Structures are given as structure tokens and as C-alpha cells.
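In: Mind looking at a prediction? Sequence and model below.
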Amino acid sequence: MSSHEQTEQVIQLEAQPSGLRVPSLSLRLPHKWQGLVLPVLLVIVWEVLSRAGLLAANWFPAPSAIADTLLDLLRGGELAQHIIVTVARVLAGFLIGALAATLLGGITGSTPLMRRLLDPTLQALRNIPSMAWVPLFLLWMGIHETSKIALIAVGVFFPVYLNLLSGILTVDRKLVEVGQIFKLPKIQLIRRVILPAALPSYLVGLRSGLGLGWMFVVAAEIMGASRGLGFLMIDGQMTGRASVIIASIVLFALFGKLTDLVLELIGNRLLGHRGLHL
Amino acid sequence: MSSTTLDIRNLTKTFNVNGGQVTALQDISLSVKQGEFVSIIGSSGCGKSTLLRIIAGLETDYQGSAEFEGSAINGPGLERGVVFQEHRLFPWLTVRQNVAFGLGKTKSKSDWESVDEHIDLVGLQGFEHAYPHQLSGGMAQRASIARALANRPQALLFDEPFGALDALTKIQMQQEVLRIWEAEKATMILVTHDIDEAVFLGDRVVIMSNRPGTIKRIVPVELPRPRDRSSYEFTQLRSQIYSEFFRQETKPFVYSI
């Protein structure tokens, strides 16, 4: 199908009047790989420029040098440890934040009284820049794991809460009426109609919450840690090794994408039979 | 076909719109016999859907009385099934699960028999495990009819059920509904804006007028079924009802050449 579309495109391009000649750029690549063209090209140009000595090696290490750094760290055994620590922090913070958001979003979504009581306060708290919590969390919980996980949980909480609540509040009234027609008790109406209907929005919340979790783990580890990918970055900065910093950035990108992919796959599995995709 | 199943007397319904009051229905009186097929026809905004929603129990704030099987209607009831204009199937359930939706959490063997029987009745055998987004508009509406029937309601209420379907599917569905009505022997109340549909299906056609919604006239349709839409009697009735809607326009034609 993709190659068919491509042929069509090429034909269209060639059908242009000759005065407005558009070069018929027909990449012989499946569509889903075409997004890789630009990054691969950039890496190659970067490598070539580095080898030609046009980029300072200490500021802008070549991709191959970064790969070497990654391999060295991996062989030393410390990299695996940093990765495990960071991923564990994100997951712990994500689980706590998402669980709290699910409970509170479920409660405010299903009982108007609780919504009037709680939602304004939660919305007000949301407007506090999350980094503003850092000093307070450090004071309360010390510099160890608890404060880091708490910060990540705060970051995860709001997108999950907001999306779940709005998912519940915007459930199609027409579907709710079907539940009423069949005289479902309130609790069954929530379980069998409202929650399944709010699921797509909830999954979007989980995904953006996870994204924020990764953002906050960097902040938490930069502000003081002895292990983790964020620590590795600071270590690279302190010791003047740009390759370590860039290697950490690459790893953050990689693991962020991987965990997001897991949620995406779960989501598509849950929503696929509705004809929806995340 | 004798006892009264639905009895509406002096029913008035007002809505609050922007601080003012709008009368949607005024002094409606209508009684429907058990097993009867009643079509309610009116132009858009005449309150016919509101009337159906009151019978369904979805609107409970009204003046006057509305009784079903002798007790006042103050909420939905399983003895009154509803088919809406949109199919309103749950997108996360299969056809079979959707049809079984109203049968409660724990379903007995006879519940599932009723589900399968009604899936067969609406001609959806083979699609039990399909999801709503895989169905055509007509098939989805069949599934929603089966869902309303699975509880074996005494009355089935249709709110412009075929308004969103194409003309050919619509005619086919009207014939299906007649077949189902004969098989189930339930009372049917159909709200529509389609004169042809109202006459084809109804034992009586209730004509409603606009703003406020009142019953203007009730036309009995004493034609044997299956009805021939092109027969003389049918077209006579149709134009008679048509004139109820358009005869007020007595402006003389002005020809300008």
C-alpha cells in the first residue's frame, strides 16, 4: 500500500507543468522508515565534520566517540546500574502519581460534591511550577530516594488526573442514557459505561504523565544524586566530558521512547477493537 | 389488542431556556392499546421526541399524567425498550455483548438464549463477535433494536430510528420492524418526520403541530398489511397527512415571466 501511494505521488509530481518543475524525489524506502532519513543524514554529516577536524572534539565529540563512551561505560558495569536506578525511579514515581490521580480523578469525576470540594484546590496546585516543590521536598524528605520519587509522582499526577476527569466529564450523554434506560445502578453505570468510555482520554493522560515523569527524573537527579543517568550527565559536566553528557541524553531518549512504546502498545491493544489508535 | 397500555392525559412539558419558559408540549392526551403500532409525526422541533422521552422515563419533570400499565411514569423501566436515532452501541463491546447489555451482570442460560434469538430476529447472525465500528449504519441499528428487544419489553419506543439511514436501507428496515412487531407482539410507538414511514407502519398516525407541541389530529390507517406504498388508498392517506402540514400556506402564487 505504501509503495502504491508513493507511485501516485511521483506521478503527481511529474504531472506538474514543466515551468514549475519539482524534482521527483522518489525515496525507495517504506513510508515508516522515511522519518529516519534526516537523523541518519545528520549523524553522518556530524561524523564527517568531526573527522575532518571542523568540530572541536571536546565540545562536539563525534558520534563514534559517543558510541565508544557508551561501550566503555557498559563494560565497566556502571552504566547498567545508572540505567536501572533511573528507570526504577521513573516507574515508582509513575505508579504512585498515576494511582493517586486515578483515585482522585475517579472520585471527583463520579461525585459532583467531591468535584466541587476537591477540584478547585487540585487545579490551584497544578498551577505551581513543579520545580518550586524541590526545596520543600528536600527539606521534608531529605536528598534520598523519597524526595526524588515524590517529585516525579507530582509531575505524573496532573496530566493523568486532568485527562481522566475530562474523559469522565465528556462521556457521551447519549451512552449514559442507554445505561439509564436499562436501569443500571449508579455504581454499574460508572463501571460499565463511564469508565470504559473515558478510557481513551485516560490512556492519553498516562502517556503524557509518563513523559513528564522522564522530565522530572532528570531534574531530580541533577539536583543531587550519586547514581542514575541524570547523575551521569552532571558527572560528565564536572569532568568536562561532553561525550558522557550526550551519551546520557541519547539514553534518556531511548528509554523514554521505550517506556512510551509499552504504553502505546497496551493502549492500542485496549482500544484496537473500537477502531481507535493512540 | 384490547386493553390500554399507555395512557397520557393533559400532559404539558415546559423547558427553562435562558431564564424564560418554553412550552414544548401542551395538553397532550393519547392512549395506546396493547400491541398497537402508533406513529407520531411532526416537523422538527414540535416536541415529538420530548413526548417519547417522557414515555421512556428520561424526562420526569412534567405536568399532567402519563401512565404505563396503570402506574405513573417517573423513570425508565425495563418494560419500555428504546431505540434511538443513533444506534448508541457501546464501541468497546461486541454485537452480542451489546445486545446482552441490559440483561444484568449475571446472565442465565435463558438470557443468552434471548440474546441469540434476537440477534437472529434482526438478521445479524454471523456478526455476533463484530464490534460496532465494523458494522454498517443499518446493521448497527439492527443491533440496537435487538438490544432493546432482548429484555422482552412490553413496548418498544422508536425515536426517529431510520432518520440517519439511506433510502433503500430505510425501506428494508421498515419491513423488518413490521416483521419484528408481528413476531414479538409488543406495543410500538414510533416518532418520525417521514410521512411515508408513518403511514406504512402505523395503525394510527398522530399528527403533531409546532410550538407549542399539541396533537393536531389522529389518523387511523385501516389498510391491510403488507401495505402497498403505491396503492390508491396509501397515496390518498399520505397526501391527506401532507396537507395537514402545508395547507396553512395559502399565499397565492405569483407568476412573473
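Out: Received the coordinates, thanks.
In: hey, let's count contacts and neighbours off CA atoms from now on
Out: Fine.
In: can you give me the helices in chain B?
Out: Applying DSSP state H to chain B gives helices spanning B:48-56, B:95-99, B:109-121, B:137-150, B:167-184, B:195-201, B:232-246.
In: Can you tell me which helices and strands the longest one packs against?
Out: Counting contacts by 3 or more CA pairs under 8 Å, 6 or more residues apart in numbering or on different chains; DSSP states H and E, the secondary-structure elements packed against helix B:167-184 are helix B:137-150, helix B:195-201.
In: now the first one against helix B:109-121, angle please.
Out: Compare the direction of helix B:137-150 with that of helix B:109-121 by axes from the mean of the first three to the mean of the last three CA atoms, to 10 degrees and you get 150 degrees.
In: which residues are contacting helix B:137-150?
Out: Contact with helix B:137-150 is made by B:81-83, B:86-89, B:95, B:98-103, B:111, B:114-115, B:118-119, B:121-124, B:132, B:156, B:161-162, B:164-165, B:169-170, B:173, as judged by CA atoms under 8 Å, 6 or more residues apart in numbering or on different chains.
In: tell me which parts of the stretch 101-250 of chain B are close to chain A?
Out: Contact residues (CA under 8 Å from any CA of the partner chain) of the stretch 101-250 of chain B with chain A: B:102, B:131-133.
In: make it 6 Å
Out: Contact residues (CA under 6 Å from any CA of the partner chain) of the stretch 101-250 of chain B with chain A: residue B:102.
In: Residue ranges in the stretch 101-250 of chain B under the pLDDT threshold?
Out: Applying pLDDT under 70 to the stretch 101-250 of chain B flags the ranges B:247-250.
In: Can you name the residue of it nearest chain A?
Out: residue B:102 (5.2 Å; CA to the nearest CA).
In: Quickly find the element holding the closest residue to residue A:141 other than its chain neighbours.
Out: Spatially, and ignoring its direct neighbours in sequence, residue A:141 is nearest to residue A:147 (5.3 Å; CA to CA, 6 or more residues apart in numbering or on different chains). When elements are assigned from DSSP states H and E, residue A:147 belongs to helix A:145-169.
In: who's in contact with that helix?
Out: Helix A:145-169 has contacts (CA atoms under 6 Å, 6 or more residues apart in numbering or on different chains) with A:89, A:93-94, A:96-98, A:101, A:105, A:109, A:137-138, A:141, A:198, A:201-202, A:205-206, A:209, A:212-213, A:216, A:220.
In: what about burial for the residues you listed, which qualify?
Out: A:89, A:93-94, A:96-98, A:101, A:105, A:109, A:137-138, A:198, A:201-202, A:205-206, A:209, A:212-213, A:216, A:220 (16 or more other CA atoms under 10 Å in any protein chain shown).
In: residues in the stretch 101-250 of chain A within reach of chain B, list them.
Out: A:181-182.
In: Flag every buried residue along stretch A:217-236.
Out: Buried-residue list, stretch A:217-236, by 16+ other CA under 10 Å: A:217-223, A:225, A:227-236.
In: Can you convert the helices of chain B into CSV and add a column each for distance to residue A:36?
Out: Shown next, in CSV, are these (distance: least, CA to CA, whole Å):
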stretch, distance to residue A:36
helix B:48-56, 55
helix B:95-99, 42
helix B:109-121, 49
helix B:137-150, 41
helix B:167-184, 48
helix B:195-201, 58
helix B:232-246, 65
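In: Reformat these into a markdown table and put mean neighbour count next to each item.
Out: Formatted as a markdown table, the helices of chain B follow (neighbours: other CA atoms under 10 Å in any protein chain shown):
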| stretch | mean neighbour count |
| --- | --- |
| helix B:48-56 | 23 |
| helix B:95-99 | 25 |
| helix B:109-121 | 18 |
| helix B:137-150 | 25 |
| helix B:167-184 | 15 |
| helix B:195-201 | 22 |
| helix B:232-246 | 14 |
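In: Now do the phi/psi pair for residue B:127.
Out: phi -110, psi 10 (degrees, to the nearest 10).
In: ok, back up a step: tally of neighbours for the residue nearest to residue A:141?
Out: Residue A:147 is flanked by 21 other residues according to other CA atoms under 10 Å in any protein chain shown.
In: what does residue B:205 give?
Out: 24.
In: Contact partners for residue B:214?
Out: Contacts of residue B:214 by CA under 6 Å, 6+ apart are B:26, B:28, B:208.
In: Tell me what it is bridged to.
Out: Counting by DSSP bridges, residue B:214 is bridged to residue B:209.
In: tell me the secondary structure for the most centrally placed residue in chain A?
Out: By CA atoms, centre = their mean, chain A has its centre lying nearest to residue A:211, at 2.6 Å. Here residue A:211 is recorded as helix under DSSP: H, G, I helix; E, B strand; the rest coil.
In: Leaving out chain neighbours, which residue sits closest to it?
Out: Looking at residue A:211 with CA to CA, 6+ apart, the closest residue is residue A:256, at 7.2 Å.
In: Could you check how many residues crowd around that neighbour?
Out: With other CA under 10 Å as criterion, residue A:256 counts 18.
In: Repeat that for the one 5 residues further on.
Out: Counted with other CA under 10 Å, the burial measure for residue A:261 works out to 13 neighbours.
In: pLDDT score for it?
Out: Listed pLDDT for residue A:261 reads 93.
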